[in-house]
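Student: Turn this into a structure:
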Amino acid sequence: METKRKVESLSFLRGLAVLLVCFCHFGNPFSEGNALSGMFDAFHEYGKYGVQIFFVISGFVIPLSLDKAGYQIKYYGKFLLKRAMRLHPPYLIALALTLVILAASNVVKHIPFPETFTSIFQSLFYLHYPDSNPVFWTLKVEAQYYLFIGLYFVVLQKYPRLTLAISIPLFMLISQTPVVKYLDLFQHLLYFIIGIAGYLIYMRQGKSWFEMGCIAAITVFCFIFNGAAPTIAAAFTILVILLYTGKVHKAFDFLGEISYSVYLIHFPIGVKLINLTSRYVKPEFAIILFSITLVTCLVLGVIFWKYIERPFSEISNKISYGQRKKAPVLAAS
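Tutor: Down below sits the predicted model:
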């Protein structure tokens, strides 16, 4: 089965997800005291579910890329190296930027710098994140997912349905135990599994009732235990991936391309900009400040992507597993 066509919807979904997260964080300071406070409060309340969109996308994209690349367990180290080279250097630079902004702000406020050598060292490996950039918590979950999927995919590819049939109930059970306090991934893994099941549907191009049933079961479980909003975000994401076959506007295509860069830097820059300027802006002009902040972070995201993220992405792309598969076929089970 040939799978060379680009999944156009991914760019739209990445762009949507990063906008939702930005709306969440930039809307919070304006959620009271102005005529549009209800709208900004909704931004804050529901924008955070852009994270579930990112998780489902990763669940879909990573197995798809592994399949196309002819991944085998012997390439596990190379896979982790590729992901680390692609994502970790931009994260470290964003972390440094966050700490510099935090330090400068605290000097102006004449308050102590809250981070220590130990906390900064832990942050290098996703074991801690500064309060001034709380979005970093999701990167820890993603890193744990990469460790997981490089092993899980090998079994999934050989016994796809059996693997889902055994693992989904197991992950449901684990998600309700204290294990989630020690391994963050298990609190969110079912969203990734929705994407993984979607990958299997995408590859089969038919006869996917079992995988659809798995997605439905996870959706019901997440609705009961996690609530409606994150479940709807996850279900919406996989439906768009599987059902939308049209083109994506080039603006959203580019926004999806730079989404990781915007995600990394939007909080310390955007929230700090709002905090510094909101005292000088009348409440009726809150929407203008909100818009200026969003545009500023998007522009800086483009610069970050061009000079930091993209060069490391190109280095990552040069690490290969060998000859790519031309016609990946899933085993039936």
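
Student: State the number of residues packed around Ser119.
Tutor: 13 (other CB atoms under 10 Å). (Glycine included, C-beta is placed from N, CA and C.)

Student: That one: helix or strand, and which one exactly?
Tutor: Secondary structure from DSSP states H and E places Ser119 in helix 117-123.

Student: Averaged pLDDT, that helix. What do you get?
Tutor: Helix 117-123 shows a mean pLDDT of 97.

Student: And for the closest residue to Arg86 other than its chain neighbours, the neighbour number?
Tutor: Excluding the flanking residues, the one nearest Arg86 by CB to CB, 6 or more residues apart in numbering is Ser316, at 3.8 Å. Ser316: 17 surrounding residues under other CB under 10 Å.

Student: right, and Ser316 touches Met85 too?
Tutor: Yes - between Ser316 and Met85 there is a contact at 4.3 Å, judged by CB atoms under 8 Å.

Student: what packs against the helix ranked longest in the chain?
Tutor: The single longest helix within the chain, with elements called by DSSP state H, is helix 76-109. On a contact count with 3 or more CB pairs under 8 Å, 6 or more residues apart in numbering; DSSP states H and E, helix 76-109 meets helix 137-158, helix 259-266, helix 286-304, helix 310-317.

Student: Can you give the distance of the first one from its chain's centre?
Tutor: Spelled out, that is helix 137-158. 13 Å (CA atoms, centre = their mean, to the nearest Å).

Student: what does the helix or strand sitting right after it along the chain contact?
Tutor: Where DSSP H and E defines the elements, the next helix or strand beyond helix 137-158 is helix 160-174. Residues from elsewhere that reach helix 160-174, judged by CB atoms under 8 Å, 6 or more residues apart in numbering: 152, 155-156, 180, 186, 189-190, 193, 196-197, 200, 210-211, 214, 217-218, 221, 330-333.

Student: helices and strands around the strand or helix carrying Ile215, which ones?
Tutor: Using DSSP H and E, Ile215 falls within helix 209-226. Contacts defined by 3+ CB pairs under 8 Å, 6+ apart place helix 209-226 against helix 160-174, helix 185-204, helix 228-243.

Student: Filter the contacts of helix 160-174 down to the buried ones, ChimeraX style.
Tutor: ChimeraX command restricting these to the buried ones, with burial defined by 16 or more other CB atoms under 10 Å:
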select :152,156,186,189,190,193,196,197,200,210,211,214,217,218,221,330
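
Student: which residues touch Arg181?
Tutor: If you look again at residue 181, you'll see it is Lys, not Arg. Counting by CB under 8 Å, 6+ apart, Lys181 has no contacts.

Student: Distance check, it against Gln122.
Tutor: 17 Å (CB to CB, to the nearest Å).

Student: Could you do Phe171 as well?
Tutor: 27 Å.

Student: Tell me which of the two has more neighbours.
Tutor: Counted by other CB under 10 Å, Phe171 and Gln122 do not tie: Phe171 has more neighbours, with 17 against 14.

Student: now the stretch 201-333 of the chain, which segments are flagged as low pLDDT?
Tutor: Applying pLDDT under 70 to the stretch 201-333 of the chain flags the ranges 322-333.

Student: Go through the longest helix of the chain and flag the buried ones.
Tutor: Neighbour count says helix 76-109 has 78-79, 82-83, 85-91, 93-95, 97-99, 101-102, 105 buried, by 16+ other CB under 10 Å.

Student: mind checking how far stretch 210-228 is from the chain centre?
Tutor: 20 Å.

Student: any idea which element Thr245 lies in?
Tutor: Going by DSSP H and E, Thr245 is not in any helix or strand.

Student: got the contact list for it?
Tutor: Neighbour list for Thr245: Glu8 [criterion: CB under 8 Å, 6+ apart].

Student: Can I get the helix holding Ile215 in CSV, CA atoms only?
Tutor: Provided in CSV are the C-alpha atoms of helix 209-226 (Å, rounded to 0.1, in the frame of the first residue of the first chain):
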residue,chain,number,x,y,z
TRP,A,209,-14.1,-1.6,12.4
PHE,A,210,-11.9,-2.9,15.3
GLU,A,211,-9.7,0.2,15.4
MET,A,212,-12.8,2.4,15.2
GLY,A,213,-14.2,0.5,18.1
CYS,A,214,-11.0,1.1,20.1
ILE,A,215,-11.2,4.8,19.5
ALA,A,216,-14.9,4.8,20.5
ALA,A,217,-14.0,2.8,23.7
ILE,A,218,-11.2,5.2,24.6
THR,A,219,-13.4,8.2,23.9
VAL,A,220,-16.2,6.9,26.2
PHE,A,221,-13.6,6.2,28.9
CYS,A,222,-11.9,9.6,28.7
PHE,A,223,-15.3,11.3,28.7
ILE,A,224,-16.2,9.6,31.9
PHE,A,225,-12.9,10.0,33.7
ASN,A,226,-11.4,13.1,32.1
